[in-house]
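**Student:** starting from these lines, generate the structure:
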Amino acid sequence: MHYVYVLKNRANGEVYYSYTNNLKRCLKDQDIDNKWKFIYCEGYASELNARERERKLKHYGETRTHLKNRIRRSLQL
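**Tutor:** Numbering: from 1, shown residues only. A predicted model of the protein is given here:
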């Protein structure tokens with residue numbers, strides 16, 4: 001499985017978008033418990049699809065806006 005995930009810096013609010021094929025290791029490596037807050041993850045069977053999604057999140061503001069709206073709506077349930 002391949003994952004695109006989103007972290008938020010607890011101190012300054014910076015948002016970090018990335019890809020991994022080992023989510024457990026990645027969260028440990030990012031020091032998630034102290035500096036970063038895990039806020040979102042998408043799973044993909046295809047590495048190519050996951051990397052493409054990561055690229056779009058990093059480089060296209062409209063893609064990030066759609067994701068933020070999706071997260072916001074899901075939290076209202």
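**Student:** what bits of this protein have low per-residue confidence?
**Tutor:** 30-33, 77 (pLDDT under 70).
**Student:** can you pull out the helices in it?
**Tutor:** 23-29, 47-59, 61-75 (DSSP state H).
**Student:** nearest to residue 12, out of those?
**Tutor:** Of all these, helix 61-75 sits nearest to residue 12, with 17.2 Å by Cβ to Cβ. (Glycine included, C-beta is placed from N, CA and C.)
**Student:** restrict that closest one to CA atoms and write it as PDB.
**Tutor:** Output in PDB follows, covering the C-alpha atoms of helix 61-75 (Å, rounded to 0.1, in the frame of the first residue of the first chain):
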ATOM      1  CA  GLY A  61      -3.300  25.400  -4.600                       C
ATOM      2  CA  GLU A  62      -6.700  24.400  -6.000                       C
ATOM      3  CA  THR A  63      -5.900  20.700  -5.100                       C
ATOM      4  CA  ARG A  64      -5.000  21.700  -1.500                       C
ATOM      5  CA  THR A  65      -8.200  23.800  -1.300                       C
ATOM      6  CA  HIS A  66     -10.300  20.900  -2.300                       C
ATOM      7  CA  LEU A  67      -8.600  18.700   0.300                       C
ATOM      8  CA  LYS A  68      -9.100  21.300   3.000                       C
ATOM      9  CA  ASN A  69     -12.800  21.500   2.200                       C
ATOM     10  CA  ARG A  70     -13.200  17.700   2.200                       C
ATOM     11  CA  ILE A  71     -11.500  17.500   5.700                       C
ATOM     12  CA  ARG A  72     -13.600  20.400   7.000                       C
ATOM     13  CA  ARG A  73     -16.800  18.800   5.800                       C
ATOM     14  CA  SER A  74     -15.900  15.400   7.200                       C
ATOM     15  CA  LEU A  75     -15.300  16.900  10.600                       C
END
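**Student:** fine, thanks again, bye for now.
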